[in-house]
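Colleague: give the three-dimensional model of this entry:
(chains A and B)
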Protein chains: 2
Amino acid sequence: MSFSEFTIIDRFFAGQETLNSQVKLGVGDDCALLAVPEGYELAMTMDTMVEGVHFFLDVAPEDLAYKLLAVNLSDLASMGADPIAVSMALTMPKIEAGWLEKFATAFIKWAKDFGVDLIGGDTTKGPLTLTLQAMGLVPAGHALKRSTAKVGDYIYVTHNIGDAGLGLKILNGEYDAGIEAEQPISRLMHPVPRINEGIKIRQYANSCIDISDGLLADLMHILEASGVGANINWEQIPFSDVVNKYIAQTGDWQMPLSVGDDYELCFTVSPQRISSLDIQGSCIGEIDSSLGLRINKAGVTEEVSRYGFEHFS
Amino acid sequence: MSFSEFTIIDRFFAGQETLNSQVKLGVGDDCALLAVPEGYELAMTMDTMVEGVHFFLDVAPEDLAYKLLAVNLSDLASMGADPIAVSMALTMPKIEAGWLEKFATAFIKWAKDFGVDLIGGDTTKGPLTLTLQAMGLVPAGHALKRSTAKVGDYIYVTHNIGDAGLGLKILNGEYDAGIEAEQPISRLMHPVPRINEGIKIRQYANSCIDISDGLLADLMHILEASGVGANINWEQIPFSDVVNKYIAQTGDWQMPLSVGDDYELCFTVSPQRISSLDIQGSCIGEIDSSLGLRINKAGVTEEVSRYGFEHFS
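Modeller: Numbers count the residues shown, from 1 in each chain, chains lettered A, B, ... in the order given. Next up is the predicted model:
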């Protein structure tokens, strides 16, 4: 790394007060140092966003900073981990001080709001690419995995799904939501990582994933990792008013199940533990010993595969 | 991430046996899980390599895999940390199964040789960019920082420096080393992270950095972070035979001090502790209370700045 790059990192990112006592050394040395309290494990995840693939250059740097943090913290949330720190690899074609200042200021603000410290990273020259590694604490043995769903578990989804997908349709000019456009676009641009929900449900849930690829695709990840199947009911899947309206107007009931970017949690709880449920969640079905994912809509059951829907035979 | 990407990651990277008992969950879930033993801290570093900037497409995928690991593990070595795990963000323009298989096979082999587990990451479409986060264990409070050099400390360098820079000159056709070309090129392509040296010297060294930007630039990082100066002697700096020959032939005595990529360690030890020294290291000078970096060559002292050499006044 050249001196000029060091200076830029120092100028924008260094010298922040750390929020978490576990951070023993932050930005500025060859490594950062983290202490992990006894009885805890460190959960870590890494996500990359590439210009032209995950975002376009007309995105506001503030929105980019938010989303980079949110999608990584959502992965921590899905394990029930409490976020403490992030490191960031920032590759840029050239140093645009104005852009960088907006991005960095927003990043630091959002990181503080989420309670995480930026503890290191790398700045390099190249096509605009951002990689974040996020780290969080979870009591040892209590992380929520994909692979531990049990037959008989009820399947839950937090809040509503489909809004982010609808927001994308609105931005692409494929749907006119009129005065109701703001909420789905906001859900797309500023998804809320369900950190508090993850921390609560780790007490009683058997498995969990965050919905980044779409409800059906992500639930299938749980099913495949756990070696089980599931039956879900379309009528129980939670949609916002604007998504319900979209479905009523277009007949496209599959969209909200197939698009990602909602970053809600999908988790499973054994029937004996559902009285513990202390978050906003909708039960959409249950885990079954018969492999595969089946969805019932208005009395008709369809088998869901990676390639779409087929009438169940 | 799409299904096809999942499949590729699974095919090449998943299902490896873990080497380190601290890895509680590896590739395949939303997060990896690491346990940190009591009395230890986790050191972590992140480095990015971009095609066209840090390497060119004609580099063998095996060499790229090696260097990506080596440069990151070198940062751990410079803190005295024992590497245990890495996560990798791999951005590629398209899936070239042949290239990916060579890269992944070599990466897994080298990771095993270095004793680290690949515990997660992300694969995305975009310009070829590789980011690695490396993590290691260091006894709490014993990490070797840049900021803790003390006035009177002796300054040491491991092994020899300048070979990697000479290797680059040879590859660029700027110097003909004849039959001696192999060793400097090998030092450039396959730098050895000084992990064992870092672990040993953390017992007695006061500060340390790995030489990635050049001896002078990196030593200046120690001086600035520690608020001290240094006097070094050119005649004591360790060079290999081929570098000595290059200097004798060209008169270019500054090259080996200014080029990076050697990944040797530069560290400081108080005079009371030098009897502990148990690695191959050359004393090249000492830390001084007078700020700045001065180099003495054949009785003439020059002041080193970021901008080059000036006669000392």
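
Colleague: flag the shaky bits of the stretch 101-250 of chain A, pLDDT-wise.
Modeller: Within the stretch 101-250 of chain A, no stretch has pLDDT under 70.

Colleague: need the contact list for whichever residue of it sits closest to chain B.
Modeller: In the stretch 101-250 of chain A, the residue that lies nearest chain B is residue A:126 (3.4 Å; Cβ to the nearest Cβ). Where C-beta positions appear, they are placed from N, C-alpha and C, glycine not excepted. The neighbours of residue A:126, taking Cβ atoms under 8 Å, 6 or more residues apart in numbering or on different chains as the test, are A:91, A:92, A:93, B:48, B:50, B:51, B:52, B:53, B:127, B:129.

Colleague: okay, buried residues for stretch A:234-243 please.
Modeller: Residues A:234, A:237, A:238, A:239, A:240, A:242, A:243 are the ones in stretch A:234-243 that count as buried (16 or more other Cβ atoms under 10 Å in any protein chain shown).

Colleague: restricted to helices, list the residues you listed.
Modeller: The helices, defined by DSSP state H, take in A:242, A:243 from those.

Colleague: so residue A:91 sits right up against residue A:125, yeah?
Modeller: Yes: if you go by Cβ atoms under 8 Å, residue A:91 and residue A:125 touch, sitting 7.2 Å apart.

Colleague: which neighbours do the two have in common?
Modeller: With Cβ under 8 Å, 6+ apart as the test, residue A:91 and residue A:125 both reach residue B:50.

Colleague: so for the two, which residue has more residues nearby?
Modeller: When neighbours are counted by other Cβ atoms under 10 Å in any protein chain shown, residue A:91 comes out ahead of the other of residue A:91 and residue A:125, with 26 against 17.

Colleague: what is the burial count for residue A:300?
Modeller: Neighbours of residue A:300 under the rule other Cβ under 10 Å: 10.

Colleague: dihedrals phi and psi, it?
Modeller: phi -110, psi 130 (degrees, to the nearest 10).

Colleague: same check on residue A:276?
Modeller: Per-residue torsions, residue A:276: phi -80, psi -20 (degrees, to the nearest 10).

Colleague: kindly report the same for residue A:67.
Modeller: Dihedral angles for residue A:67 - degrees, to the nearest 10 - are phi -70, psi -40.

Colleague: for the stretch 201-313 of chain A, what lies in contact range of chain B?
Modeller: A:209, A:210, A:212, A:213, A:217, A:225, A:306 (Cβ under 8 Å from any Cβ of the partner chain).

Colleague: SS state for the fifth one?
Modeller: To tie it back to what came earlier, the one meant is residue A:217. Following DSSP: H, G, I helix; E, B strand; the rest coil, we place residue A:217 in the helix state.

Colleague: and the residues of the stretch 201-313 of chain A next to chain B, which is closest to residue A:136?
Modeller: Distance to residue A:136, by Cβ to Cβ, is smallest for residue A:210 among those, at 13.1 Å.

Colleague: what's near enough to touch the nearest residue to that closest one once chain neighbours are set aside?
Modeller: What sits nearest to residue A:210 in space, not counting adjacent residues and going by Cβ to Cβ, 6 or more residues apart in numbering or on different chains, is residue A:78, at 3.8 Å. Contact partners of residue A:78, counting by Cβ under 8 Å, 6+ apart, are A:144, A:194, A:198, A:208, A:209, A:210, A:265, B:30, B:31.

Colleague: just the buried residues out of the residues of the stretch 201-313 of chain A next to chain B, in PyMOL syntax.
Modeller: In PyMOL, this line selects whichever of these come out buried by 16+ other Cβ under 10 Å:
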select buried, chain A and resi 209+210+212+213+217+225
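
Colleague: among the residues of the stretch 201-313 of chain A next to chain B, which one sits closest to residue A:64?
Modeller: Taking Cβ to Cβ as the measure, residue A:64 lies nearest residue A:212 of those, at 16.9 Å.

Colleague: doesn't residue A:71 make contact with the closest one?
Modeller: Yes: the pair residue A:212 / residue A:71 is scored as a contact, 6.9 Å apart, by Cβ under 8 Å.

Colleague: check which helix or strand the residue nearest to residue A:210 maps to.
Modeller: Using DSSP states H and E, residue A:78 maps to helix A:61-79.

Colleague: about what we covered before: can you add distance to residue A:295 and give the residues of the stretch 201-313 of chain A next to chain B back as JSON lines?
Modeller: What follows is those, written out as JSON lines (distance: Cβ to Cβ, whole Å):
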{"residue": "A:209", "distance to residue A:295": "17"}
{"residue": "A:210", "distance to residue A:295": "20"}
{"residue": "A:212", "distance to residue A:295": "20"}
{"residue": "A:213", "distance to residue A:295": "16"}
{"residue": "A:217", "distance to residue A:295": "13"}
{"residue": "A:225", "distance to residue A:295": "20"}
{"residue": "A:306", "distance to residue A:295": "14"}
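
Colleague: in the residues of the stretch 201-313 of chain A next to chain B, find the pair that's most separated.
Modeller: The farthest-apart pair in these, when distances are taken by Cβ to Cβ, is A:210 and A:306, at 19.0 Å.

Colleague: what's the pLDDT at the spatially most central residue of chain A?
Modeller: Nearest to the geometric centre of chain A sits residue A:74, at 3.4 Å (Cα atoms, centre = their mean). With respect to pLDDT, residue A:74 has a value of 97.

Colleague: wait, isn't it in contact with residue A:193?
Modeller: Yes: at 4.0 Å, residue A:74 and residue A:193 qualify as touching, with contact defined as Cβ under 8 Å.

Colleague: hmm, back to that, just the residues of the stretch 201-313 of chain A next to chain B: which are in helices?
Modeller: A:217, A:225.

Colleague: about what we covered before: if we ignore the residues flanking it in sequence, what's nearest the residue of the stretch 101-250 of chain A closest to chain B?
Modeller: Nearest to residue A:126 is residue B:50, by Cβ to Cβ, 6+ apart, at 3.4 Å.

Colleague: please look at that neighbour and residue A:125 and confirm they touch.
Modeller: Yes: with contact defined as Cβ under 8 Å, residue B:50 reaches residue A:125; the gap is 6.9 Å.

Colleague: which residues are in contact with each of those two?
Modeller: Residues touching both residue B:50 and residue A:125 (Cβ under 8 Å, 6+ apart): residue A:91.

Colleague: what sits against the nearest residue to residue A:276 once chain neighbours are set aside?
Modeller: Using Cβ to Cβ, 6+ apart and skipping residues adjacent in sequence, the residue nearest residue A:276 is residue A:204, 4.1 Å away. Neighbour list for residue A:204: A:269, A:273, A:276, A:277 [criterion: Cβ under 8 Å, 6+ apart].

Colleague: the residues you listed, buried ones only, as a PyMOL selection?
Modeller: In PyMOL, this line selects whichever of these come out buried by 16+ other Cβ under 10 Å:
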select buried, chain A and resi 269+277
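
Colleague: in strands only, show me the contacts of residue A:204.
Modeller: Among the contacts of residue A:204, DSSP state E puts residue A:269 in strands.
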